[in-house]
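Undergrad: no FASTA, just this:
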């Protein structure tokens with residue numbers, strides 16, 4: 001499942017909304033190339049005073065994803081620091097049959113650097129310099145859901161310094177307005193934000209839909225497109241408040 005292997009206004013990364021940091025589990029249908037391929041869950045849980053663990057699990061249940069035995073688990077430990085959530089560490093493991101990989105990420109805010117260990121190439125181990133707004137790509141869905149203000153205007157953006165496997169890049173999720181979205185969990189009015197990640201001749205973009213009606217920091221829908229075609233998608237099925 002290749003999709004999982006993921007202006008005007010600017011808001012601070014991981015700004016805390018007091019009512020938003022509530023433990024929950026959100027369940028999703030997973031599609032690749034427009035075809036149902038599996039299921040996923042996003043979970044936020046308390047990990048002690050001022051700390052939160054954000055986890056994602058994906059499992060192939062149909063088509064080639066099921067035949068290949070695709071499974072993936074990711075988790076990021078985040079700490080409250082003032083009005084921000086900062087990543088402390090991250091863990092990722094999974095893949096297909098006979099190709100299981102484990103990767104650990106450690107954020108050292110004292111040295112202001114991040115390193116990777118495990119099944120990564122030598123040039124992907126870091127260190128990479130940390131910025132005040134540095135985030136793990138694994139936690140982006142949570143941070144975007146927390147950060148987007150209800151009065152965001154079309155063309156405004158949420159900006160992040162994303163670090164992944166020995167690299168860092170600035171990303172911007174640009175608001176394109178409210179849209180009505182139908183997912184298995186129901187119909188929602190949701191703000192669409194798109195990150196154009198195209199490089200050269202390859203057009204790529206990721207869109208997330210965040211709904212204030214849900215009252216939980218998790219997307220209604222996530223869609224990655226490549227060269228004008230749907231590549232990877234998650235559609236909300238149900239949520240459980242813990």
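TA: Received the coordinates, thanks. Bear in mind the structure is a predicted one, so any value in this text is a computation, not a measurement.
Undergrad: worst-scoring helix or strand of this protein, pLDDT-wise?
TA: In the chain, no helix or strand scores lower on mean pLDDT, DSSP states H and E than helix 63-67, which sits at a mean of 55.
Undergrad: Tally up the residues packed near residue 73, please.
TA: Residue 73 has 15 neighbours, counted by other C-beta atoms under 10 Å. (C-beta placed from N, C-alpha, C; glycine too.)
Undergrad: Distance check, it against residue 90.
TA: Distance of residue 73 to residue 90, given as C-beta to C-beta, to the nearest Å: 11 Å.
Undergrad: intersection of neighbour lists for the two?
TA: Counting by C-beta atoms under 8 Å, 6 or more residues apart in numbering, residue 73 and residue 90 have no contacts in common.
Undergrad: Poorly predicted segments of the protein, please.
TA: 1-20, 62-70, 96-98, 198-202 (pLDDT under 70).
Undergrad: give me that answer again for 80
TA: Low-confidence segments of the chain, defined by pLDDT under 80: 1-20, 60-70, 83, 95-99, 197-203, 242.
Undergrad: need the longest strand for it.
TA: If you go by DSSP state E, the chain has its longest strand at strand 167-183.
Undergrad: How about stretch 90-107, which residues are buried there?
TA: 90, 91, 92, 93, 94, 95, 96, 103, 105, 107 (16 or more other C-beta atoms under 10 Å).
Undergrad: The host helix or strand of residue 92: how far from the chain's middle?
TA: Assigned by DSSP states H and E, residue 92 belongs to strand 84-96. Distance of strand 84-96 from the chain centroid (C-alpha atoms, centre = their mean, to the nearest Å) equals 10 Å.
Undergrad: Check which helices and strands that strand is in contact with.
TA: strand 51-60, strand 71-81, strand 99-108, strand 134-136, helix 140-147 (3 or more C-beta pairs under 8 Å, 6 or more residues apart in numbering; DSSP states H and E).
Undergrad: Go again with 6 Å.
TA: Secondary-structure packing of strand 84-96 (3 or more C-beta pairs under 6 Å, 6 or more residues apart in numbering; DSSP states H and E): strand 71-81, strand 99-108.
Undergrad: and the angle for the longest one with helix 140-147?
TA: Spelled out, that is strand 71-81. Interaxial angle, strand 71-81 versus helix 140-147 (axes from the mean of the first three to the mean of the last three C-alpha atoms, to 10 degrees): 40 degrees.
Undergrad: ok now strand 71-81, how far from the chain's centre?
TA: Taking the mean of its C-alpha atoms, strand 71-81 sits 10 Å from the chain's own mean (C-alpha atoms, centre = their mean).
Undergrad: so what does the helix or strand that contains residue 160 touch, helix or strand wise?
TA: In this structure, residue 160 sits in strand 157-164 according to DSSP H and E. Applying 3+ C-beta pairs under 6 Å, 6+ apart, we find strand 157-164 packed against strand 134-136, strand 167-183.
Undergrad: Give me whichever of those is most buried.
TA: Using mean count of other C-beta atoms under 10 Å, the stretch among the helices and strands packed on strand 157-164 with the largest mean neighbour count is strand 134-136, at a mean of 24.
Undergrad: I would like the residues contacting that strand, please.
TA: 13, 76, 87, 90, 143, 160, 161, 162, 163 (C-beta atoms under 6 Å, 6 or more residues apart in numbering).
Undergrad: contact partners of the strand holding residue 92?
TA: Applying C-beta under 6 Å, 6+ apart, the set of residues contacting strand 84-96 from outside is 14, 68-79, 101-107, 136, 138.
Undergrad: Could you tell me which strands sit next to it in the sheet, and their orientation?
TA: If you go by DSSP bridges, strand 84-96 pairs up with strand 71-81 (antiparallel), strand 99-108 (antiparallel).
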